[in-house]
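Asker: what follows is a predicted protein model with its sequence.
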Amino acid sequence: MVLKVVEEDGHGAWSVLRVSGELDLVTAPLVRRRVHDVVAVGGHELVLDLSGVRFCDSSGVGMLIAARRLLRSCGGSLRLILPAQAEAGADGSHVARVLTAVGVRRLFDVYPDLATAAAATYRPPTGADAD
């Protein structure tokens, strides 16, 4: 499956990248580049819509962690859109399952849709979530 990354018009202060396809060793660097492009033009509040991602391996997880670290280093934040189990099917979102399986799900602010992600009040990390 081919990776597709589409930059959408922002929602308030939030830049939005909608990612679909496979997030793996080959495609993760492409998403990383797009995240860096957003930051380079001053976008420090980023929503990654991963609801269309059907496969994610450790390279994809590493890219998500690096994106979070990059945004936090410039005083920004990263929010992920992962569909709730009902919208994603019986097994829920593949990305959510992978993040949970490798023990990093708690690092990310996850929302079911763009409207919720853009409207939610910022929650500063505490304890184990802080860098």
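Answerer: Received, thanks. Numbering: from 1, shown residues only.
Asker: for the top strand by length along the chain, buried residues please.
Answerer: In the chain, assigned by DSSP state E, the strand with the most residues is strand 45-56. For strand 45-56, burial by neighbour count (16 or more other C-beta atoms under 10 Å) applies to 45, 46, 47, 48, 49, 50, 51, 53, 56. C-beta here means a position set from N, CA and C on the backbone, and glycine is covered the same way.
Asker: JSON lines for those, including distance to residue 19 and pLDDT?
Answerer: Shown next, in JSON lines, are the buried residues of strand 45-56 (distance: C-beta to C-beta, whole Å; pLDDT from 0 to 100):
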{"residue": "45", "distance to residue 19": "17", "pLDDT": "94"}
{"residue": "46", "distance to residue 19": "12", "pLDDT": "95"}
{"residue": "47", "distance to residue 19": "11", "pLDDT": "95"}
{"residue": "48", "distance to residue 19": "6", "pLDDT": "95"}
{"residue": "49", "distance to residue 19": "7", "pLDDT": "94"}
{"residue": "50", "distance to residue 19": "6", "pLDDT": "94"}
{"residue": "51", "distance to residue 19": "9", "pLDDT": "91"}
{"residue": "53", "distance to residue 19": "6", "pLDDT": "93"}
{"residue": "56", "distance to residue 19": "10", "pLDDT": "94"}
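Asker: about what we covered before: from the chain's centre, how far out does the longest strand of the chain sit?
Answerer: 5 Å (C-alpha atoms, centre = their mean, to the nearest Å).
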